[in-house]
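Engineer: Predicted model and sequence follow; I will ask about them next.
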Amino acid sequence: MKDLAVLDSVTKLDATHRGAVVVCGSPGALYSAWLAAHARVRAVIFNDAGIGRHSAGIAGVAWLDTFGIAACAVDFRTARIADGIGMLETGVVTTVNDSAAVHGCLPGHTCRQVSKCLLEHAPEVKNQEVPEIGETRLRIANSGHRQVWALDSVSLARAEDKRAILVTGSHGGLLGGKEDDGVLEVDVFAAFFNDAGGGKDDAGNARLPILDERGIAAATVSCNTARIGDGRSSYDTGVIARINAVAGRLDIKEGMSAREAVARLVGLG
């Protein structure tokens, strides 16, 4: 389709995508929407990431109405998180904003249907100011020597985080299903993600066995217990949905709160 961009992550948007209709494997969270608005896309289709706590997985879809940008989200059970091509091929829409609905996009339509509709009808991008919202990186106070950080996105990890514990708001998927997607290159001690509902082919947990191979303890928290895209929420209210083998050997268990899991890891010294 002409002027249709298909991306595994909204972070891949750049100046070349201005005015495009974008199918994006990222969750429809607020920060994802901000990146789309900042890139001046005409319209965007996200993954609903299980919708989750406080509907965080689709919060950005409604927010984009503020700028007249048509946005939709597809059912996490019909398309793998972080897989743009998979979204286009098998995604079925669950959520549309008013700017998309006015052009005939409806829940139940396929991703291909709404992509075609938006290519034909979405208005040209407007030059308007998009307010900064940003992502946060917060230190979690603890009594041990090991640093613990709450990151809204794993992309905020730094080289100095080696052997730290990162509690992130990112999904636990692999970009395009690729094991070498480069999302977390730092050898941290442990990392927590949001499971994005698990979804098709359990894609929301795909990162865990990959981190096993690197000796990194990893777990996902249920999207129903923590807001995707919000690291502090993952720490404050997240409940462990899935663990990898390294985490299991460190006595982290499914059903444990993220707070308890972090305290247990910090206690290992």
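Structural biologist: Structure's in. What do you need?
Engineer: Just the helices from this protein, written as ranges.
Structural biologist: 30-38, 59-63, 84-90, 98-101, 111-121, 207-212, 231-237, 245-249, 258-267 (DSSP state H).
Engineer: Next, format these as TSV and append mean pLDDT, distance to residue 225 and mean neighbour count.
Structural biologist: Bear in mind the C-beta positions are built from the backbone N, C-alpha and C, glycine included. Output for those, formatted as TSV (pLDDT from 0 to 100; distance: least, Cβ to Cβ, whole Å; neighbours: other Cβ atoms under 10 Å):
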stretch	mean pLDDT	distance to residue 225	mean neighbour count
helix 30-38	92	18	24
helix 59-63	96	16	23
helix 84-90	97	25	22
helix 98-101	97	29	19
helix 111-121	96	28	20
helix 207-212	96	17	20
helix 231-237	97	6	23
helix 245-249	98	17	17
helix 258-267	94	8	19
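Engineer: Any idea which of the ones you listed gets closest to residue 149?
Structural biologist: The closest of the helices of the chain to residue 149 is helix 231-237. By Cβ to Cβ, the value is 7.7 Å.
Engineer: Give me the distance between the closest one and the centre of its chain.
Structural biologist: Mean-position distance between helix 231-237 and its chain equals 15 Å (Cα atoms, centre = their mean, to the nearest Å).
Engineer: again, but for stretch 68-78
Structural biologist: On Cα atoms, centre = their mean, the centre of stretch 68-78 falls 13 Å from that of its chain.
Engineer: and if you look at stretch 231-238?
Structural biologist: 15 Å.
Engineer: Not counting it itself, show me its contacts.
Structural biologist: 53, 56, 136-138, 140, 149-153, 167-169, 192-194, 221-222, 225-227, 257-259, 262 (Cβ atoms under 8 Å, 6 or more residues apart in numbering).
Engineer: could you flag which of those residues are buried?
Structural biologist: The neighbour-count test (16 or more other Cβ atoms under 10 Å) marks 53, 56, 137, 140, 149-153, 167-169, 192-194, 221-222, 225-227, 257-259, 262 as buried among those.
Engineer: Just send the helices of the chain back as TSV, with distance to residue 4 too.
Structural biologist: Formatted as TSV, the helices of the chain follow (distance: least, Cβ to Cβ, whole Å):
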stretch	distance to residue 4
helix 30-38	14
helix 59-63	18
helix 84-90	8
helix 98-101	15
helix 111-121	6
helix 207-212	28
helix 231-237	32
helix 245-249	39
helix 258-267	38
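Engineer: Where does the prediction get shaky in the stretch 151-269 of the chain?
Structural biologist: Residue ranges of the stretch 151-269 of the chain with pLDDT under 70: 269.
Engineer: those strands in it, which residues are they?
Structural biologist: Along the stretch 151-269 of the chain, the stretches classed as strands by DSSP state E, counting those that start in this stretch are 165-171, 190-194, 217-221, 240-243.
Engineer: Turn the ones you listed into JSON lines, including distance to residue 44.
Structural biologist: Formatted as JSON lines, the strands of the stretch 151-269 of the chain follow (distance: least, Cβ to Cβ, whole Å):
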{"stretch": "strand 165-171", "distance to residue 44": "17"}
{"stretch": "strand 190-194", "distance to residue 44": "20"}
{"stretch": "strand 217-221", "distance to residue 44": "25"}
{"stretch": "strand 240-243", "distance to residue 44": "27"}
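Engineer: For residue 267, find the nearest of these.
Structural biologist: The nearest among those, by Cβ to Cβ, is strand 165-171 at 11.5 Å.
Engineer: who does that closest one touch, helix- and strand-wise?
Structural biologist: If contacts are counted by 3 or more Cβ pairs under 8 Å, 6 or more residues apart in numbering; DSSP states H and E, strand 165-171 sits against strand 148-151, strand 190-194, helix 231-237, helix 258-267.
Engineer: Mind putting the ones you listed into CSV with distance to residue 21?
Structural biologist: Formatted as CSV, those follow (distance: least, Cβ to Cβ, whole Å):
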stretch, distance to residue 21
strand 148-151, 30
strand 190-194, 27
helix 231-237, 30
helix 258-267, 37
